[in-house]
Each structure stands twice: as C-alpha cells, then as structure tokens.
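Student: could you work out the structure for the sequence below:
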Amino acid sequence: MEKIWLIIQREYLTRVRKKSFLIVSMLAPLLLAGTTLGIAKLNAPSSADEVAVYDESGLGVVSRLTSTEDTRFVPATGASPEAATAAFKKSKPKQAALLVFSKDFSLDNNSGVRLLANGNMSLKRQQNIRKAVNKAVGELKLTRSGLNQTTIDNLKADVDLKAVDLSQQGGRENNAGLTTAAAYVLSILVYMFIFIYGVQVMRGVAEEKSNRIMEVMVSSVKPFQLMMGKILGIAAVVLTQFAIWLALSYGITTVVAPLLMKPAKAPATTSVSATTAPPAADATVAAADAPAAPQPGSTPNLWSMLEGLPLGSIFGGFLFFFLGGYLLYSSLFAAIGAAVDDQTDAQQFMFPVTIPLILSYIVSINVVINGTQMVRWLSGYR
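Tutor: Numbering: from 1, shown residues only. The predicted structure is shown next:
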C-alpha cells in the first residue's frame with residue numbers, strides 16, 4: 001500500500017502542478033458562464049418591435065390587436081395602402097413591419113392580409129405578429145357568436161397539481177423538471193470526465209512504455225500496484241478539478257450572475273398616434289402604448305432551486321457511479337495503453353471501449369424522461 005501511495009502522489013502532483021491544469025480549472029467555468037450570459041444578453045430583446053397597422057376591411061380588427069413585450073402595434077400613417085407603404089418606408093426610426101388588412105378580408109374569408117417589411121423578417125417576429133392577428137380575429141368571431149373571451153377563459157381549468165415523493169422523510173415535493181435537468185447535467189459530467197481522464201491514463205501508460213520507464217518501475221513495484229496508483233492518482237486529479245469547478249460555479253451563480261443579470265428600468269414611452277387615420281378603419285389601436293415595464297425582481301438563484309432536491313442521495317449516487325465508471329473504463333484504457341506501441345494503434349483500440357460508454361449515455365438520456373423500468377435496472381435502484 002505504501003508503494004501505491006507513492007505512485008498516487010507522483011501522478012497527482014505531476015498533473016496538478018502543470019500550468020495547463022491550473023488554466024483549464026480556473027478558466028473553464030468562467031468561459032462557460034461568460035458564454036451563457038453573453039448568449040442570454042444577445043437573445044434578450046432591446047425594445048419592442050413597432051408594427052404599423054392599416055385596416056380598410058371595416059371590421060375594426062385594429063382595435064383588437066394587443067401589444068406585448070415583443071410587439072407594439074401603432075396606427076399606420078396614410079390615406080391609402082400606397083400612402084401607408086410609402087410612409088412606412090420613410091419611417092424614422094425604422095418600423096419593424098407594416099400590417100395591411102385589405103377590403104377583401106372578412107371573418108369568413110381570412111385571406112387578404114399582408115405583412116410588409118424592409119428586408120428579410122425573422123421567423124420569431126412573424127410568429128409574434130401572426131399570433132396577435134389570430135387572437136384579434138378569434139375575438140371578433142366570438143363576439144359575432146354572442147360569446148366573449150372572458151367567459152371562455154373562465155371555463156378553462158388550470159389545476160395546481162403538486163407531486164409528492166413519499167419515500168423522502170416527511171414527504172418532499174417531486175419537481176420532475178428539476179430532477180431531469182440535474183440528471184442531464186450529471187450524466188454529461190460523468191461521460192466527460194470518464195472519457196477525458198480515461199484517455200489520459202491510456203496515454204500515460206503508452207508514453208511510459210515507449211520511453212522504457214515502465215521497465216524500471218516494474219522492477220520496483222508490482223504491475224497491479226503501478227496501475228492502481230496511476231488510476232487512483234488521476235482520479236484524485238479529477239476530483240480536485242471538479243471541486244474547483246464547483247466552488248467557482250457557486251461563486252459565479254450567487255455573486256456575479258445576479259449583478260450582471262439585474263433588470264434595468266425601462267425608459268418611459270409615449271403613445272404613438274397616426275397623423276392620418278385610415279378611411280375604412282373606424283377604430284384606433286387599443287394598445288398603442290408599449291407595455292408597462294416589468295417590476296424588478298430578484299434573479300433566481302440556482303442553489304436555492306436545488307434545495308427542493310434530495311441532494312444527499314443525488315451527489316452520493318453521482319460519486320458512486322462516477323468513481324465506479326471511472327475505475328472500470330480507466331482500467332480498460334490502461335490495458336489498451338499497455339497493449340500498444342504507439343498512439344496510432346491506441347486510437348484504433350479505443351473504439352470498442354468507447355462504444356459501451358456512448359451507448360449507455362444515449363440510452364440513459366432517452367429513457368430517463370419516460371421513467372421506464374429500464375431506468376431502475378440501469379441505475380441499480382429497485
């Protein structure tokens with residue numbers, strides 16, 4: 001055991017003292033957090049799209065269009081569709097689109113609606129406008145039938161169903177979405193760490209064999225002691241890096257993320273009115289003003305969300321299956337490194353070993369949502 005401990009120390013200190021280990025351990029969580037926040041910032045809309053509406057159908061569709069956080073409807077300027085189109089092209093600042101209801105449009109014939117834009121229009125913008133138009137026309141049809149949207153909304157049921165896990169002490173709420181997300185993240189971590197550091201074991205064995213270091217070491221220790229020391233030493237490196245990432249992630253999600261994602265006050269907006277009303281539209285846009293700015297609230301904390309999960313059993317199971325999987329696959333990778341003479345042959349022998357690893361990951365991801373009996377058999381839980 002003393003010799004195994006010496007080999008573990010050598011493998012651990014050799015890798016931990018490398019600059020590459022420190023750089024990856026410190027920068028990986030920061031790069032991941034920065035990329036996530038950057039994508040969130042880029043996807044967040046800066047302001048609502050202003051859509052001009054010209055209605056000559058005489059049905060008053062314009063009065064039913066409701067502005068949202070993404071789309072703001074305003075009356076079009078012009079006494080004819082041509083004039084409204086010309087004014088839309090010259091609008092400053094540029095309006096997102098011009099929505100035109102022609103004379104042929106009716107509640108029984110929903111054709112005759114055009115959406116004009118200066119250039120290519122994104123799919124999300126088209127979907128937002130189409131959703132608002134469908135809602136407005138649907139309300140007009142309900143009114144014609146003697147019904148109203150409020151009555152229909154009151155007839156709909158929205159049952160607050162709370163799932164409780166009785167296997168937990170005192171009964172704990174079962175958040176299926178959160179547990180599924182945790183399973184996804186932890187399975188990705190297991191797959192990533194096993195594959196990356198298993199390959200390191202294989203390359204370390206192959207490198208020592210090619211440099212004749214193995215012959216000197218085997219003369220002092222048994223092959224079992226050498227392989228066990230290498231595998232456990234690299235396992236300690238994995239756990240060290242995982243602990244660093246966990247600490248940095250905790251700091252980023254609890255301190256940095258709330259400061260960067262703090263909602264800013266929306267500037268005050270004024271209603272936009274048309275200078276010339278359309279001749280056939282006897283109603284004005286009901287929600288021409290931009291929607292009210294949302295009340296500033298606290299940024300949801302990831303760690304407070306995890307409080308509803310059985311963290312003890314989750315992390316205990318994660319460590320058990322991670323260490324078990326790592327010991328199994330790193331032993332296979334070490335066997336490959338001991339059996340080949342160069343890296344080219346090692347890459348070819350990696351394929352049979354990685355197939356069960358990839359297959360188990362794909363199968364677990366596909367069955368974890370459905371909660372089939374296979375989940376219990378694969379996890380060892382009865």
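Student: show me how this structure divides into domains.
Tutor: Under automatic domain parsing, the residue ranges defining each domain of the chain are 2-39+175-264+301-343, 49-151.
Student: okay, these in JSON lines with mean neighbour count, distance to residue 159 and mean pLDDT next?
Tutor: C-beta: built from backbone N, CA, C; applies to glycine. As requested, the domains of the chain are arranged in JSON lines below (neighbours: other C-beta atoms under 10 Å; distance: least, C-beta to C-beta, whole Å; pLDDT from 0 to 100):
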{"stretch": "domain 2-39+175-264+301-343", "mean neighbour count": "15", "distance to residue 159": "16", "mean pLDDT": "78"}
{"stretch": "domain 49-151", "mean neighbour count": "17", "distance to residue 159": "20", "mean pLDDT": "85"}
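Student: relative to residue 351, which of the ones you listed is closest?
Tutor: domain 2-39+175-264+301-343 (10.3 Å; C-beta to C-beta).
Student: let me have the domains of the chain in CSV, adding distance to residue 352 as columns.
Tutor: Below are the domains of the chain laid out as CSV (distance: least, C-beta to C-beta, whole Å):
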stretch, distance to residue 352
domain 2-39+175-264+301-343, 9
domain 49-151, 44
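Student: nearest to residue 361, of those domains?
Tutor: That would be domain 2-39+175-264+301-343 among those, by C-beta to C-beta, at 4.9 Å.
Student: other SSEs contacting the strand or helix carrying residue 186?
Tutor: Using DSSP states H and E, the element containing residue 186 is helix 176-210. Helix 176-210 sits against helix 213-218, helix 223-251, helix 311-339, helix 343-368, with contacts defined as 3 or more C-beta pairs under 8 Å, 6 or more residues apart in numbering; DSSP states H and E.
Student: next up, phi/psi of residue 102, please.
Tutor: Main-chain torsions, residue 102, degrees, to the nearest 10: phi -80, psi 180.
Student: also residue 52?
Tutor: phi -80, psi 140.
Student: one more: residue 74?
Tutor: Taking degrees, to the nearest 10 as the convention, residue 74 sits at phi -130, psi 150.
Student: isn't it right up against residue 54?
Tutor: No: using C-beta atoms under 8 Å, residue 74 is not in contact with residue 54, being 10.7 Å away.
Student: about what we covered before: now the helix holding residue 186 and helix 343-368, what's the angle there?
Tutor: 170 degrees (axes from the mean of the first three to the mean of the last three C-alpha atoms, to 10 degrees).
Student: gap between the residue in the chain sticking out farthest from the centre and residue 232?
Tutor: Most distant residue from the mean C-alpha position of the chain: residue 219, 52.3 Å away (C-alpha atoms, centre = their mean). Per C-beta to C-beta, to the nearest Å, residue 219 is found 21 Å from residue 232.
Student: and if you look at residue 332?
Tutor: Residue 332 sits at a distance of 16 Å from residue 232 (criterion: C-beta to C-beta).
Student: what does residue 79 give?
Tutor: 83 Å.
Student: which residues are in contact with residue 6?
Tutor: By C-beta atoms under 8 Å, 6 or more residues apart in numbering, the contact set of residue 6 is residue 229.
Student: any idea how far it is from residue 237?
Tutor: 16 Å.
Student: what's the answer for residue 115, then?
Tutor: Residue 115 is 58 Å from residue 237, by C-beta to C-beta.
Student: now swap in residue 315 and tell me
Tutor: For residue 315 relative to residue 237 (C-beta to C-beta), the value is 19 Å.
Student: among the domains of the chain, which is nearest residue 356?
Tutor: domain 2-39+175-264+301-343 (8.5 Å).
Student: please report how far the residue farthest from the centre of the chain lies from residue 78.
Tutor: Taking C-beta to C-beta, one finds residue 219 at 94 Å from residue 78.
Student: same question for residue 233.
Tutor: 77 Å.
Student: equivalent analysis for residue 339, please.
Tutor: Distance from residue 339 to residue 78, by C-beta to C-beta: 80 Å.
Student: ok, residue 131 next?
Tutor: 26 Å.
Student: over to residue 208?
Tutor: From residue 208 to residue 78 the distance is 81 Å (C-beta to C-beta).
Student: and residue 95, by the same measure?
Tutor: Taking C-beta to C-beta, one finds residue 95 at 13 Å from residue 78.
Student: residue 245 too?
Tutor: Using C-beta to C-beta, we find residue 245 at a distance of 59 Å from residue 78.
Student: same question, residue 143
Tutor: 28 Å.
Student: same question, residue 159
Tutor: Taking C-beta to C-beta, one finds residue 159 at 49 Å from residue 78.
Student: for residue 324, same thing?
Tutor: Between residue 324 and residue 78 the distance is 72 Å, computed by C-beta to C-beta.
Student: my read: residue 236 touches residue 7, true?
Tutor: No: counting by C-beta under 8 Å, residue 236 does not reach residue 7; the two are 11.4 Å apart.
Student: residues contacting stretch 114-124, please?
Tutor: 70, 85, 88-89, 94, 96-100, 102, 126, 129.
Student: show me what contacts the nearest residue to residue 337 once chain neighbours are set aside?
Tutor: Spatially, and ignoring its direct neighbours in sequence, residue 337 is nearest to residue 205 (3.2 Å; C-beta to C-beta, 6 or more residues apart in numbering). When the contact criterion is C-beta under 8 Å, 6+ apart, the partners of residue 205 are 214, 227, 230, 334, 337, 338.
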